[in-house]
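S.K.: can you look at this prediction? I've put the sequence above it.
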Amino acid sequence: MKLGFHLGYWGSGPIPGARESVLEAERLGFDSVWSAEAYGSDAFTPLAWVGAATSRIKLGTNIVQMSARTPTATAMSALTMDHLSGGRFVLGLGASGPQVVEGWYGQPYPKPLARTREYVEIVRKVLAREEPVTIDGQFFQLPLQGGTGLGKPLKPTVHPLRADLPIYLAAEGPKNVALAAEICDGWLPLFFSPKSDAFYRAALEEGFARPGARRSSLDGFEVAASVPVIVHDDVEEAASFIKPALALYIGGMGAKSVNFHHDVFARLGYADVADQVQELYLAGRKEEAVKAIPTSLVEDTSLIGPAEKIREELSAWEDTVVTTLLLRGDAGSLAKAAKALS
């Protein structure tokens with residue numbers, strides 16, 4: 001199983017020591033480094049910055065929000081990054097949720113699966129550079145219909161370094177996971193657990209079986225899961241570092257009626273916990289929401305505790321569809337985690 005380093009997105013400012021952590025990840029033999037965006041820092045710029053200081057490690061977005069850019073703009077950034085990095089770039093895409101899509105980007109959210117399908121199709125057309133890009137879709141038209149009438153089909157002036165640049169899709173629900181298997185080269189799960197492997201494996205197999213799917217099996221398909229790894233003698237204290245983020249995602253990253261993160265934990269068997277955390281968080285009782293999360297939930301979706309415990313539990317992860325564990329932390333914690341996972 002490969003290791004990746006997830007930078008994430010910025011808080012109120014740049015991530016302290018990010019460059020040093022990436023350099024340490026490359027020195028340790030990590031396969032990839034990933035950035036993210038929400039409604040603050042963007043995903044491409046930090047990768048360009050750290051990519052200039054590295055030579056081997058892959059550079060991926062986890063994720064670029066599709067509503068933030070037109071498909072052709074995303075494709076332009078992807079082919080630019082791929083050239084500048086010497087073919088190390090991986091384009092990770094995601095739909096985000098209605099609060100961000102409609103509240104921040106001012107774009108419609110309905111029918112995210114169909115919109116994603118069109119989006120990826122256009123990106124692939126740009127990267128292929130076989131002909132001027134045209135599409136008469138439900139969500140995108142190239143050239144635009146109803147404008148001046150002067151738009152013309154175009155193809156990129158830049159010749160892509162790799163026409164088959166890998167595209168991964170972030171997904172949590174079974175339909176979106178199946179779509180990742182059908183039209184993409186990898187899947188970016190959040191809050192994965194070995195206990196949910198059969199559920200997601202079935203969703204992936206459904207996508208692989210669809211007519212015109214890019215591949216027919218998991219062979220060559222990448223699954224890069226964000227997994228907290230904390231080496232610590234005290235399991236409860238290690239869990240306490242993770243619980244606030246879980247409370248935020250389960251309780252506050254989405255509306256009460258539409259929160260995909262909440263649904264992940266409900267499927268995992270924590271429906272009552274997820275409901276309680278959401279109620280408390282949305283009521284402004286955030287500390288209580290954190291306390292409502294049992295350590296067992298953290299352990300189901302993380303690798304925490306003494307190194308011996310982590311090594312023992314790692315075997316369950318190695319039997320899943322996951323091909324890469326994406327870790328977070330500073331240079332020192334990455335080294336400790338890598339040693340525990342070796």
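M.R.: Yep, that arrived.

S.K.: can you tell me how far Pro143 is from Thr72?
M.R.: Per Cβ to Cβ, to the nearest Å, Pro143 is found 11 Å from Thr72. C-betas here are computed from N, CA, C, even on glycine.

S.K.: quick check: phi and psi on Leu154?
M.R.: With angles defined as degrees, to the nearest 10, Leu154 sits at phi -130, psi 160.

S.K.: got the contact list for the closest residue to it other than its chain neighbours?
M.R.: Leaving aside its sequence neighbours, Leu154 sits nearest to Pro132 (Cβ to Cβ, 6 or more residues apart in numbering; 5.5 Å). For Pro132, the contacting residues are Lys152, Pro153, Leu154, Lys155, by Cβ atoms under 8 Å, 6 or more residues apart in numbering.

S.K.: what ranges does the stretch 51-200 of the chain have for its helices?
M.R.: Using DSSP state H, counting those that start in this stretch, the helices of the stretch 51-200 of the chain run over 71-84, 98-103, 112-128, 174-183, 197-208.

S.K.: point out the most buried one among those.
M.R.: Across the helices of the stretch 51-200 of the chain, the average number of neighbours (mean count of other Cβ atoms under 10 Å) peaks for helix 174-183, which reaches a mean of 22.

S.K.: okay, it in PDB with CA atoms only?
M.R.: Extracted in PDB, the C-alpha atoms of helix 174-183 (Å, rounded to 0.1, in the frame of the first residue of the first chain):
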ATOM      1  CA  PRO A 174     -22.800   4.700  -3.900                       C
ATOM      2  CA  LYS A 175     -24.000   6.300  -7.100                       C
ATOM      3  CA  ASN A 176     -21.100   8.700  -7.200                       C
ATOM      4  CA  VAL A 177     -18.600   5.900  -6.300                       C
ATOM      5  CA  ALA A 178     -20.000   3.900  -9.200                       C
ATOM      6  CA  LEU A 179     -19.600   6.900 -11.500                       C
ATOM      7  CA  ALA A 180     -15.900   7.200 -10.400                       C
ATOM      8  CA  ALA A 181     -15.300   3.600 -11.500                       C
ATOM      9  CA  GLU A 182     -17.100   4.100 -14.800                       C
ATOM     10  CA  ILE A 183     -15.500   7.400 -16.100                       C
END
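
S.K.: name the surrounding residues that touch stretch 230-238.
M.R.: 241-242, 295, 299, 302-307, 309-310, 329, 333, 336-337, 339-340.

S.K.: swap the cut-off to 6 Å and go again
M.R.: Here stretch 230-238 makes contact (Cβ atoms under 6 Å, 6 or more residues apart in numbering) with Ile304, Gly305, Pro306, Ala307, Lys336, Ala337, Ala340.

S.K.: okay, the first one and Ile15: tell me how far apart.
M.R.: Distance of Ile304 to Ile15, computed by Cβ to Cβ: 22 Å.

S.K.: can you check the last one too?
M.R.: For Ala340, the distance to Ile15 under the criterion Cβ to Cβ works out to 23 Å.

S.K.: Gly51: neighbour count?
M.R.: Per other Cβ atoms under 10 Å, the neighbour tally for Gly51 reads 20.

S.K.: try Gly8
M.R.: 20.

S.K.: what's the closest non-adjacent residue to it?
M.R.: Ala36 (5.1 Å).

S.K.: go on, Ser217?
M.R.: That would be Phe208: by Cβ to Cβ, 6+ apart, it lies 5.7 Å from Ser217.

S.K.: quick one, phi/psi of the residue nearest to Leu154?
M.R.: Dihedral angles (degrees, to the nearest 10) for Pro132: phi -60, psi 140.

S.K.: and it, what's its pLDDT?
M.R.: If you check Pro132, the pLDDT there is 98.

S.K.: swap in Gly252?
M.R.: pLDDT at Gly252 comes out at 84.

S.K.: can you tell me which residues contact it?
M.R.: By Cβ under 6 Å, 6+ apart, Gly252 lies in contact with Tyr281.

S.K.: what sits against the spatially most central residue of the chain?
M.R.: Note on the chain: the residue nearest the mean C-alpha position is Asn62, at 3.6 Å, using Cα atoms, centre = their mean. Contact analysis of Asn62 by Cβ under 6 Å, 6+ apart lists Trp34, Ala36, Gly92, Leu188.

S.K.: what's the most distant pair in those residues?
M.R.: Spatial extent of these (Cβ to Cβ) is set by the pair Ala36 and Leu188 at 10.1 Å.

S.K.: that older thread, closest to His262 among the contacts of stretch 230-238?
M.R.: Minimum distance to His262 across the contacts of stretch 230-238 is 21.8 Å, recorded for Ile304 (Cβ to Cβ).

S.K.: any low-confidence regions in the stretch 201-342 of the chain?
M.R.: Applying pLDDT under 70 to the stretch 201-342 of the chain picks out no residues at all.
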